[in-house]
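Asks: Quick check, what structure comes out for this input:
(chains A and B)
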Amino acid sequence: MTFLARLGAPVRGFLEFLGDQVHLVLRTLRYGLLLRLGQVPLVATQTRLQVRFTGLQALVLVSGTALLLGAVTLIQAFSQLSGLGAENYIGVLMVLIILRELGPLLTAILVIGRSATAIAAELGAMQLNGEVDALAIHGVNPYQYLLLPRWLGVLVSVFALVVFFDGAALAGGFLVAKLKYGVTFGFFMDSVRQTLSNRDFAATLLKVFLFSGAITFHACHFGLGIRRSQTEIPQAVTRTVVTALVAVFLLDGVIAALFYF
Amino acid sequence: MIELRDLALAAPDGRLLLEGLELAVPRGGRVLVTGASGSGKSRLLKVIAGTERPVRGQVTVAGRAVWPGDGALALIGHLCLGLAFAGGGLLSNLSLRENVALPLRFLGLPAADLAARADGALDRLGLLAVACLRPHALSASARRHGNLARVLALDPALILLDDPLEGLDSEDRAAAQEVIRDWLQDPEKTLLLAQEEPGPFQDPPWIRFAMPFPLPPEVP
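Replies: All right, here's what the predicted structure looks like:
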(Lines give C-alpha, C1' and ligand atoms only; values in the text may rest on other atoms or scores of the structure.)
Protein backbone atom coordinates (compact mmCIF):
# COMPACT_ATOMS: atom_id res chain seq x y z
CA MET A 1 0.00 0.00 0.00
CA THR A 2 2.84 2.37 0.93
CA PHE A 3 4.54 1.52 -2.37
CA LEU A 4 1.34 2.31 -4.31
CA ALA A 5 0.89 5.56 -2.38
CA ARG A 6 4.46 6.53 -3.15
CA LEU A 7 3.91 5.68 -6.81
CA GLY A 8 0.73 7.72 -6.97
CA ALA A 9 2.02 10.77 -5.10
CA PRO A 10 3.65 12.50 -8.12
CA VAL A 11 0.55 11.85 -10.25
CA ARG A 12 -1.64 13.27 -7.51
CA GLY A 13 0.68 16.24 -7.14
CA PHE A 14 0.60 16.89 -10.88
CA LEU A 15 -3.20 16.70 -11.00
CA GLU A 16 -3.45 19.08 -8.02
CA PHE A 17 -1.09 21.47 -9.79
CA LEU A 18 -3.20 21.31 -12.98
CA GLY A 19 -6.36 21.84 -10.95
CA ASP A 20 -4.84 24.86 -9.24
CA GLN A 21 -3.79 26.35 -12.59
CA VAL A 22 -7.33 25.95 -13.98
CA HIS A 23 -8.72 27.43 -10.76
CA LEU A 24 -6.41 30.47 -11.04
CA VAL A 25 -7.28 31.05 -14.71
CA LEU A 26 -11.04 30.70 -14.22
CA ARG A 27 -11.09 32.92 -11.14
CA THR A 28 -8.99 35.59 -12.84
CA LEU A 29 -11.33 35.53 -15.84
CA ARG A 30 -14.41 35.60 -13.61
CA TYR A 31 -13.22 38.51 -11.46
CA GLY A 32 -11.89 40.25 -14.57
CA LEU A 33 -15.41 40.22 -15.98
CA LEU A 34 -16.82 41.48 -12.66
CA LEU A 35 -14.48 44.49 -12.65
CA ARG A 36 -16.38 47.75 -12.09
CA LEU A 37 -15.80 50.76 -14.31
CA GLY A 38 -14.21 52.74 -11.48
CA GLN A 39 -11.68 49.96 -10.87
CA VAL A 40 -10.48 49.82 -14.49
CA PRO A 41 -7.95 52.72 -14.19
CA LEU A 42 -6.31 50.99 -11.21
CA VAL A 43 -5.97 47.70 -13.10
CA ALA A 44 -4.80 49.61 -16.20
CA THR A 45 -2.02 51.29 -14.17
CA GLN A 46 -0.82 47.92 -12.89
CA THR A 47 -1.00 46.47 -16.42
CA ARG A 48 1.07 49.38 -17.77
CA LEU A 49 3.73 48.72 -15.13
CA GLN A 50 3.86 45.05 -16.14
CA VAL A 51 4.10 45.95 -19.84
CA ARG A 52 6.94 48.36 -19.06
CA PHE A 53 8.89 45.72 -17.18
CA THR A 54 8.12 42.67 -19.32
CA GLY A 55 7.87 44.31 -22.73
CA LEU A 56 9.61 47.65 -22.94
CA GLN A 57 12.63 46.84 -20.80
CA ALA A 58 13.18 43.54 -22.67
CA LEU A 59 12.92 45.08 -26.13
CA VAL A 60 16.66 45.60 -26.71
CA LEU A 61 17.53 42.12 -25.41
CA VAL A 62 14.88 40.41 -27.55
CA SER A 63 15.61 42.46 -30.69
CA GLY A 64 19.38 41.97 -30.35
CA THR A 65 18.98 38.22 -29.86
CA ALA A 66 16.64 38.02 -32.86
CA LEU A 67 18.93 40.09 -35.10
CA LEU A 68 21.84 37.76 -34.37
CA LEU A 69 19.69 34.64 -34.70
CA GLY A 70 18.32 35.72 -38.09
CA ALA A 71 21.84 36.48 -39.34
CA VAL A 72 23.38 33.27 -37.95
CA THR A 73 20.55 31.11 -39.34
CA LEU A 74 21.19 32.38 -42.86
CA ILE A 75 25.00 32.23 -42.50
CA GLN A 76 24.74 28.54 -41.47
CA ALA A 77 22.17 27.78 -44.15
CA PHE A 78 24.28 29.41 -46.87
CA SER A 79 27.42 27.61 -45.71
CA GLN A 80 25.64 24.23 -46.16
CA LEU A 81 23.58 25.02 -49.24
CA SER A 82 26.07 27.12 -51.22
CA GLY A 83 26.03 26.13 -54.85
CA LEU A 84 22.52 24.67 -54.55
CA GLY A 85 20.81 27.98 -55.08
CA ALA A 86 20.48 28.78 -51.41
CA GLU A 87 19.09 32.24 -52.13
CA ASN A 88 15.92 30.58 -53.43
CA TYR A 89 15.26 29.10 -50.00
CA ILE A 90 15.64 32.32 -48.03
CA GLY A 91 11.91 32.74 -47.48
CA VAL A 92 11.37 29.09 -46.58
CA LEU A 93 14.24 29.16 -44.09
CA MET A 94 13.17 32.38 -42.45
CA VAL A 95 9.50 31.41 -42.14
CA LEU A 96 10.01 27.78 -41.12
CA ILE A 97 12.79 28.33 -38.62
CA ILE A 98 12.31 31.82 -37.26
CA LEU A 99 8.76 33.05 -37.70
CA ARG A 100 6.96 29.76 -37.10
CA GLU A 101 9.04 28.25 -34.34
CA LEU A 102 11.92 30.18 -32.82
CA GLY A 103 10.23 33.59 -32.67
CA PRO A 104 7.47 32.73 -30.20
CA LEU A 105 9.53 30.04 -28.44
CA LEU A 106 12.66 32.11 -27.77
CA THR A 107 10.57 35.13 -26.81
CA ALA A 108 8.73 32.97 -24.27
CA ILE A 109 12.02 31.62 -22.91
CA LEU A 110 13.41 35.15 -22.49
CA VAL A 111 10.20 36.28 -20.79
CA ILE A 112 10.31 33.28 -18.45
CA GLY A 113 13.91 34.16 -17.54
CA ARG A 114 13.26 37.86 -17.04
CA SER A 115 9.65 38.24 -15.93
CA ALA A 116 8.19 34.95 -14.70
CA THR A 117 11.00 34.77 -12.15
CA ALA A 118 10.34 38.36 -11.08
CA ILE A 119 6.59 37.79 -10.77
CA ALA A 120 7.09 34.65 -8.66
CA ALA A 121 9.62 36.36 -6.39
CA GLU A 122 7.51 39.52 -6.02
CA LEU A 123 4.29 37.66 -5.21
CA GLY A 124 6.19 35.40 -2.82
CA ALA A 125 7.60 38.38 -0.94
CA MET A 126 4.15 40.00 -0.88
CA GLN A 127 2.63 36.81 0.48
CA LEU A 128 5.22 36.56 3.26
CA ASN A 129 4.77 40.21 4.20
CA GLY A 130 0.99 39.76 4.52
CA GLU A 131 0.38 42.15 1.60
CA VAL A 132 -1.86 39.74 -0.33
CA ASP A 133 -3.93 39.10 2.81
CA ALA A 134 -4.17 42.84 3.48
CA LEU A 135 -5.45 43.47 -0.04
CA ALA A 136 -8.18 40.82 0.22
CA ILE A 137 -9.25 41.90 3.71
CA HIS A 138 -9.58 45.55 2.72
CA GLY A 139 -11.74 44.82 -0.32
CA VAL A 140 -9.04 44.85 -3.01
CA ASN A 141 -9.57 41.59 -4.87
CA PRO A 142 -6.09 40.06 -5.46
CA TYR A 143 -7.31 38.38 -8.66
CA GLN A 144 -8.22 41.81 -10.03
CA TYR A 145 -5.29 43.79 -8.61
CA LEU A 146 -2.45 41.26 -8.86
CA LEU A 147 -3.23 38.44 -11.29
CA LEU A 148 -5.30 40.12 -14.01
CA PRO A 149 -2.83 42.99 -14.68
CA ARG A 150 0.09 40.58 -14.74
CA TRP A 151 -1.69 38.31 -17.21
CA LEU A 152 -2.74 41.22 -19.46
CA GLY A 153 0.70 42.82 -19.17
CA VAL A 154 2.52 39.61 -20.09
CA LEU A 155 0.04 38.94 -22.93
CA VAL A 156 0.55 42.39 -24.49
CA SER A 157 4.32 42.20 -23.92
CA VAL A 158 4.77 38.71 -25.40
CA PHE A 159 2.73 39.73 -28.46
CA ALA A 160 4.79 42.90 -28.96
CA LEU A 161 8.08 41.10 -28.32
CA VAL A 162 7.24 38.35 -30.85
CA VAL A 163 6.50 41.03 -33.46
CA PHE A 164 9.81 42.76 -32.69
CA PHE A 165 11.65 39.42 -32.58
CA ASP A 166 10.33 38.45 -36.02
CA GLY A 167 11.08 41.89 -37.43
CA ALA A 168 14.63 41.93 -36.07
CA ALA A 169 15.30 38.34 -37.19
CA LEU A 170 14.14 39.20 -40.71
CA ALA A 171 16.41 42.26 -40.62
CA GLY A 172 19.37 40.11 -39.54
CA GLY A 173 18.60 37.56 -42.25
CA PHE A 174 18.26 40.26 -44.87
CA LEU A 175 21.62 41.81 -43.92
CA VAL A 176 23.39 38.48 -44.46
CA ALA A 177 21.49 37.77 -47.69
CA LYS A 178 22.37 41.22 -49.02
CA LEU A 179 26.04 41.05 -48.05
CA LYS A 180 26.54 37.45 -49.22
CA TYR A 181 24.37 37.29 -52.36
CA GLY A 182 23.45 40.91 -53.00
CA VAL A 183 19.75 40.00 -52.58
CA THR A 184 17.46 43.01 -52.84
CA PHE A 185 14.94 43.92 -50.13
CA GLY A 186 12.05 43.35 -52.55
CA PHE A 187 13.23 39.86 -53.48
CA PHE A 188 13.86 38.99 -49.82
CA MET A 189 10.42 40.11 -48.67
CA ASP A 190 8.66 38.46 -51.63
CA SER A 191 10.38 35.22 -50.78
CA VAL A 192 9.21 35.47 -47.15
CA ARG A 193 5.69 36.51 -48.15
CA GLN A 194 5.26 33.57 -50.54
CA THR A 195 6.05 31.06 -47.79
CA LEU A 196 4.10 32.81 -45.04
CA SER A 197 0.45 31.80 -44.76
CA ASN A 198 -2.57 32.81 -42.68
CA ARG A 199 -2.10 29.56 -40.79
CA ASP A 200 1.27 30.85 -39.54
CA PHE A 201 -0.34 34.02 -38.20
CA ALA A 202 -3.09 32.01 -36.47
CA ALA A 203 -0.54 29.60 -34.95
CA THR A 204 1.62 32.50 -33.72
CA LEU A 205 -1.36 34.28 -32.15
CA LEU A 206 -2.43 31.07 -30.42
CA LYS A 207 1.12 30.55 -29.14
CA VAL A 208 1.29 34.11 -27.82
CA PHE A 209 -2.00 33.66 -25.96
CA LEU A 210 -1.18 30.25 -24.48
CA PHE A 211 2.47 30.98 -23.69
CA SER A 212 1.64 34.20 -21.86
CA GLY A 213 -1.05 32.41 -19.85
CA ALA A 214 1.30 29.54 -18.97
CA ILE A 215 4.12 31.93 -17.99
CA THR A 216 1.92 34.16 -15.81
CA PHE A 217 -0.07 31.48 -14.02
CA HIS A 218 2.94 29.28 -13.32
CA ALA A 219 4.67 32.27 -11.73
CA CYS A 220 1.54 33.23 -9.77
CA HIS A 221 0.95 29.66 -8.58
CA PHE A 222 4.45 29.23 -7.18
CA GLY A 223 4.76 32.81 -5.91
CA LEU A 224 1.44 32.79 -4.05
CA GLY A 225 2.18 29.28 -2.76
CA ILE A 226 4.94 30.65 -0.50
CA ARG A 227 3.78 30.61 3.10
CA ARG A 228 6.55 30.24 5.62
CA SER A 229 9.96 31.74 4.96
CA GLN A 230 12.18 33.73 2.59
CA THR A 231 14.08 30.56 1.71
CA GLU A 232 11.03 29.38 -0.22
CA ILE A 233 11.39 32.26 -2.70
CA PRO A 234 14.37 30.91 -4.68
CA GLN A 235 12.75 27.47 -4.71
CA ALA A 236 9.53 28.95 -6.10
CA VAL A 237 11.51 30.86 -8.74
CA THR A 238 13.34 27.69 -9.83
CA ARG A 239 10.09 25.72 -10.01
CA THR A 240 8.50 28.51 -12.01
CA VAL A 241 11.29 28.46 -14.59
CA VAL A 242 11.37 24.68 -14.94
CA THR A 243 7.62 24.09 -15.13
CA ALA A 244 6.95 27.12 -17.31
CA LEU A 245 9.62 25.96 -19.77
CA VAL A 246 8.13 22.46 -19.86
CA ALA A 247 4.64 23.92 -20.36
CA VAL A 248 5.81 26.21 -23.17
CA PHE A 249 7.61 23.38 -24.99
CA LEU A 250 4.58 21.09 -24.61
CA LEU A 251 2.21 23.76 -25.87
CA ASP A 252 4.55 24.48 -28.79
CA GLY A 253 4.55 20.79 -29.69
CA VAL A 254 0.76 20.52 -29.46
CA ILE A 255 0.25 23.62 -31.63
CA ALA A 256 2.79 22.40 -34.20
CA ALA A 257 0.97 19.05 -34.33
CA LEU A 258 -2.43 20.72 -34.63
CA PHE A 259 -1.45 23.17 -37.36
CA TYR A 260 1.23 21.45 -39.40
CA PHE A 261 1.15 17.68 -38.77
CA MET B 1 -22.19 40.00 12.66
CA ILE B 2 -19.74 37.18 13.47
CA GLU B 3 -20.67 33.55 14.12
CA LEU B 4 -18.09 30.91 14.95
CA ARG B 5 -19.24 27.29 15.20
CA ASP B 6 -17.08 24.43 16.50
CA LEU B 7 -13.94 26.31 15.44
CA ALA B 8 -10.54 24.65 15.74
CA LEU B 9 -7.24 26.45 15.05
CA ALA B 10 -3.77 24.98 14.71
CA ALA B 11 -0.30 26.52 14.79
CA PRO B 12 1.87 26.26 11.64
CA ASP B 13 3.60 23.23 13.21
CA GLY B 14 0.23 21.44 13.52
CA ARG B 15 -0.29 21.94 17.31
CA LEU B 16 -3.95 22.48 18.12
CA LEU B 17 -4.35 25.97 19.63
CA LEU B 18 -8.09 26.03 20.08
CA GLU B 19 -10.93 23.57 19.74
CA GLY B 20 -14.72 23.76 19.71
CA LEU B 21 -14.97 27.55 19.92
CA GLU B 22 -18.56 28.82 19.73
CA LEU B 23 -18.98 32.57 19.53
CA ALA B 24 -21.73 34.89 18.29
CA VAL B 25 -21.01 38.61 18.07
CA PRO B 26 -23.97 40.87 17.26
CA ARG B 27 -23.68 43.98 15.09
CA GLY B 28 -22.07 46.68 17.21
CA GLY B 29 -20.58 44.08 19.58
CA ARG B 30 -17.12 44.35 21.13
CA VAL B 31 -14.90 41.34 21.67
CA LEU B 32 -11.69 41.38 23.64
CA VAL B 33 -9.44 38.42 22.88
CA THR B 34 -6.58 38.04 25.33
CA GLY B 35 -3.84 35.47 25.52
CA ALA B 36 -0.12 34.94 25.70
CA SER B 37 2.15 35.43 22.73
CA GLY B 38 1.83 32.44 20.40
CA SER B 39 -1.61 31.47 21.69
CA GLY B 40 -3.21 32.14 18.28
CA LYS B 41 -4.85 35.56 18.72
CA SER B 42 -3.61 36.83 15.34
CA ARG B 43 -4.56 33.53 13.75
CA LEU B 44 -8.10 33.83 15.11
CA LEU B 45 -8.42 37.34 13.63
CA LYS B 46 -7.12 36.13 10.28
CA VAL B 47 -9.54 33.20 10.30
CA ILE B 48 -12.43 35.61 10.90
CA ALA B 49 -11.09 37.95 8.20
CA GLY B 50 -10.90 34.97 5.82
CA THR B 51 -7.19 34.78 5.09
CA GLU B 52 -6.38 31.73 7.24
CA ARG B 53 -8.25 28.46 6.96
CA PRO B 54 -9.30 26.88 10.27
CA VAL B 55 -8.63 23.21 10.94
CA ARG B 56 -12.34 22.67 11.46
CA GLY B 57 -15.53 24.62 12.00
CA GLN B 58 -17.68 27.28 10.43
CA VAL B 59 -17.13 31.03 10.24
CA THR B 60 -19.96 33.28 9.14
CA VAL B 61 -19.48 37.05 8.89
CA ALA B 62 -22.36 39.41 8.06
CA GLY B 63 -24.44 36.42 7.02
CA ARG B 64 -21.87 35.16 4.50
CA ALA B 65 -20.05 31.87 4.85
CA VAL B 66 -16.34 32.65 5.13
CA TRP B 67 -15.26 29.10 6.11
CA PRO B 68 -16.00 26.69 4.59
CA GLY B 69 -16.08 29.00 1.62
CA ASP B 70 -14.02 31.48 -0.35
CA GLY B 71 -12.48 33.16 2.70
CA ALA B 72 -11.97 36.92 2.41
CA LEU B 73 -13.23 36.89 -1.20
CA ALA B 74 -16.71 36.02 0.10
CA LEU B 75 -16.85 39.37 1.92
CA ILE B 76 -15.55 41.65 -0.87
CA GLY B 77 -18.37 43.89 -2.03
CA HIS B 78 -20.64 42.77 0.82
CA LEU B 79 -18.96 43.98 3.99
CA CYS B 80 -16.45 46.73 4.63
CA LEU B 81 -13.83 45.12 6.85
CA GLY B 82 -10.61 46.50 8.30
CA LEU B 83 -7.75 44.71 10.00
CA ALA B 84 -4.86 46.54 11.63
CA PHE B 85 -2.00 44.07 11.33
CA ALA B 86 0.52 43.62 14.10
CA GLY B 87 3.32 43.53 11.51
CA GLY B 88 3.57 43.84 7.73
CA GLY B 89 0.46 44.24 5.64
CA LEU B 90 1.50 47.45 3.85
CA LEU B 91 2.33 47.14 0.17
CA SER B 92 6.06 47.70 -0.16
CA ASN B 93 5.90 49.24 -3.65
CA LEU B 94 3.44 51.96 -2.60
CA SER B 95 3.94 55.03 -0.43
CA LEU B 96 2.11 55.20 2.89
CA ARG B 97 -0.48 57.59 1.39
CA GLU B 98 -1.04 55.23 -1.56
CA ASN B 99 -1.36 52.31 0.84
CA VAL B 100 -4.04 54.09 2.84
CA ALA B 101 -5.84 55.24 -0.31
CA LEU B 102 -5.74 51.94 -2.24
CA PRO B 103 -8.86 50.30 -0.70
CA LEU B 104 -10.73 53.60 -1.18
CA ARG B 105 -9.64 53.77 -4.82
CA PHE B 106 -10.86 50.22 -5.30
CA LEU B 107 -14.22 51.23 -3.80
CA GLY B 108 -14.40 53.83 -6.57
CA LEU B 109 -14.43 56.93 -4.36
CA PRO B 110 -14.10 60.30 -6.13
CA ALA B 111 -10.53 61.63 -6.07
CA ALA B 112 -11.35 64.58 -3.77
CA ASP B 113 -13.09 62.39 -1.15
CA LEU B 114 -10.33 59.86 -1.40
CA ALA B 115 -7.55 62.38 -0.75
CA ALA B 116 -9.49 63.98 2.11
CA ARG B 117 -10.14 60.67 3.85
CA ALA B 118 -6.62 59.32 3.36
CA ASP B 119 -4.91 62.53 4.47
CA GLY B 120 -7.38 62.97 7.34
CA ALA B 121 -6.56 59.51 8.69
CA LEU B 122 -2.81 60.04 8.26
CA ASP B 123 -2.99 63.45 9.94
CA ARG B 124 -4.92 62.09 12.92
CA LEU B 125 -2.21 59.53 13.55
CA GLY B 126 0.62 62.02 12.96
CA LEU B 127 1.81 60.41 9.74
CA LEU B 128 1.29 63.23 7.25
CA ALA B 129 4.98 64.17 7.28
CA VAL B 130 6.00 60.65 6.22
CA ALA B 131 3.04 59.96 3.91
CA CYS B 132 5.24 60.00 0.80
CA LEU B 133 7.62 57.36 2.13
CA ARG B 134 7.40 53.67 1.35
CA PRO B 135 7.03 51.20 4.25
CA HIS B 136 10.72 50.20 4.29
CA ALA B 137 11.65 53.81 5.06
CA LEU B 138 9.26 54.06 8.00
CA SER B 139 9.86 53.24 11.64
CA ALA B 140 8.13 50.15 13.07
CA SER B 141 5.66 52.31 14.99
CA ALA B 142 4.86 54.36 11.86
CA ARG B 143 4.17 51.14 9.94
CA ARG B 144 1.87 50.00 12.74
CA HIS B 145 0.09 53.36 12.70
CA GLY B 146 -0.05 53.15 8.91
CA ASN B 147 -2.09 49.96 9.28
CA LEU B 148 -4.39 51.74 11.71
CA ALA B 149 -4.67 54.74 9.35
CA ARG B 150 -5.74 52.46 6.50
CA VAL B 151 -8.56 51.08 8.68
CA LEU B 152 -9.48 54.58 9.86
CA ALA B 153 -9.71 55.93 6.30
CA LEU B 154 -11.75 52.94 5.14
CA ASP B 155 -14.25 53.44 8.00
CA PRO B 156 -15.33 49.79 8.04
CA ALA B 157 -18.32 48.23 9.77
CA LEU B 158 -16.20 45.42 11.21
CA ILE B 159 -12.84 46.31 12.74
CA LEU B 160 -10.24 43.75 13.76
CA LEU B 161 -7.26 45.04 15.73
CA ASP B 162 -4.23 42.88 16.31
CA ASP B 163 -2.27 44.17 19.30
CA PRO B 164 -2.59 47.78 18.13
CA LEU B 165 -0.64 49.34 21.03
CA GLU B 166 2.27 46.92 21.13
CA GLY B 167 5.68 48.59 20.76
CA LEU B 168 4.35 52.17 20.58
CA ASP B 169 5.82 55.05 22.58
CA SER B 170 3.50 57.05 24.86
CA GLU B 171 2.63 59.68 22.23
CA ASP B 172 1.83 57.16 19.50
CA ARG B 173 -0.02 55.01 22.01
CA ALA B 174 -2.22 57.97 23.02
CA ALA B 175 -3.07 58.71 19.36
CA ALA B 176 -3.98 55.05 18.71
CA GLN B 177 -6.03 54.84 21.91
CA GLU B 178 -8.01 57.92 20.94
CA VAL B 179 -8.87 56.39 17.55
CA ILE B 180 -9.90 53.09 19.15
CA ARG B 181 -12.00 54.84 21.82
CA ASP B 182 -13.90 56.68 19.07
CA TRP B 183 -14.64 53.37 17.41
CA LEU B 184 -15.79 51.94 20.75
CA GLN B 185 -18.27 54.77 21.14
CA ASP B 186 -19.77 54.21 17.69
CA PRO B 187 -22.68 51.71 17.98
CA GLU B 188 -22.46 50.96 14.26
CA LYS B 189 -18.98 49.47 14.55
CA THR B 190 -18.33 45.87 15.48
CA LEU B 191 -14.90 45.63 17.03
CA LEU B 192 -12.66 42.71 17.82
CA LEU B 193 -9.50 43.56 19.73
CA ALA B 194 -6.71 41.07 20.37
CA GLN B 195 -4.13 41.92 23.04
CA GLU B 196 -1.96 40.06 25.52
CA GLU B 197 -3.58 42.00 28.40
CA PRO B 198 -6.83 44.01 28.44
CA GLY B 199 -4.67 47.14 28.93
CA PRO B 200 -6.45 50.51 28.89
CA PHE B 201 -9.65 49.19 27.30
CA GLN B 202 -11.53 47.96 30.38
CA ASP B 203 -14.65 50.12 30.24
CA PRO B 204 -17.02 48.92 27.53
CA PRO B 205 -19.14 45.79 27.97
CA TRP B 206 -16.70 43.47 26.21
CA ILE B 207 -17.40 39.91 25.21
CA ARG B 208 -14.20 38.58 26.77
CA PHE B 209 -12.42 35.59 25.43
CA ALA B 210 -9.12 34.29 26.71
CA MET B 211 -7.09 32.08 24.39
CA PRO B 212 -5.89 28.87 26.06
CA PHE B 213 -2.25 28.90 27.09
CA PRO B 214 -0.26 27.46 24.16
CA LEU B 215 1.39 24.10 24.64
CA PRO B 216 5.09 24.09 23.79
CA PRO B 217 5.98 22.44 20.47
CA GLU B 218 6.94 18.78 20.72
CA VAL B 219 10.67 18.16 20.60
CA PRO B 220 11.38 15.39 18.06
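Asks: Which strand or helix spans A:Leu258?
Replies: A:Leu258 is part of helix A:232-260 when elements are defined by DSSP states H and E.
Asks: Could you list the buried residues of that helix?
Replies: A:232-233, A:236-237, A:239-241, A:243-245, A:247-248, A:251-252, A:255, A:259 (16 or more other C-beta atoms under 10 Å in any protein chain shown). No exception for glycine: its C-beta is placed from N, CA and C like everyone else's.
Asks: Surely B:Gly38 forms part of a strand?
Replies: No: counting by DSSP: H, G, I helix; E, B strand; the rest coil, B:Gly38 is not part of a strand but coil.
Asks: surely B:Arg117 meets B:Ala153?
Replies: Yes: assessed by C-beta atoms under 8 Å, B:Arg117 is found in contact with B:Ala153 at 4.7 Å.
Asks: what sits in contact with each of the two?
Replies: Common neighbours of B:Arg117 and B:Ala153 (criterion: C-beta atoms under 8 Å, 6 or more residues apart in numbering or on different chains): B:101, B:104.
Asks: if you count what's nearby, which of these two comes out ahead?
Replies: Taking other C-beta atoms under 10 Å in any protein chain shown, B:Arg117 and B:Ala153 do not tie; B:Ala153 has more neighbours (27 against 18).
Asks: Show the pLDDT at residue 84.
Replies: By default, I'm working from chain A. pLDDT for A:Leu84: 69.
Asks: other chain: chain B
Replies: With respect to pLDDT, B:Ala84 has a value of 92.
Asks: quick one, what contacts the closest residue to chain B within chain A?
Replies: Closest contact between chain A and chain B, by C-beta to the nearest C-beta, is at A:Gly38 (3.0 Å). Listed by C-beta under 8 Å, 6+ apart, the contact partners of A:Gly38 are B:107-108.
Asks: Check which residues of the helix or strand bottoming out on mean pLDDT in chain B are buried.
Replies: Taking mean pLDDT, DSSP states H and E as the measure, chain B has strand B:207-210 as its least confident helix or strand, at a mean of 80. Neighbour-count burial for strand B:207-210 flags B:Phe209 (criterion: 16+ other C-beta under 10 Å).
Asks: List the strands paired with that strand, with their directions.
Replies: Sheet pairing of strand B:207-210 (DSSP bridges) gives strand B:30-34 (parallel).
Asks: Could you point out the helix or strand that follows the partner strand?
Replies: The first helix or strand that comes after strand B:30-34 along the chain, using DSSP H and E, is helix B:41-49.
Asks: related to what we said a few turns ago, pLDDT wise, what is the residue of chain A closest to chain B at?
Replies: pLDDT, A:Gly38: 89.
Asks: Of the buried residues of helix A:232-260, which pair is most distant in space?
Replies: Greatest spatial distance in the buried residues of helix A:232-260: A:Glu232 and A:Phe259, 39.1 Å, computed using C-beta to C-beta.
Asks: can you give me how far stretch A:137-144 is from the chain middle?
Replies: 26 Å (C-alpha atoms, centre = their mean, to the nearest Å).
Asks: Residues in contact with that stretch: which ones?
Replies: Identification of contacts with stretch A:137-144 by C-beta under 8 Å, 6+ apart yields A:27-28, A:30-32, A:34-35, A:39, A:43, A:132, A:135-136, B:49-51, B:72-73, B:76-77, B:80-83, B:102-103, B:106-107, B:150, B:154.
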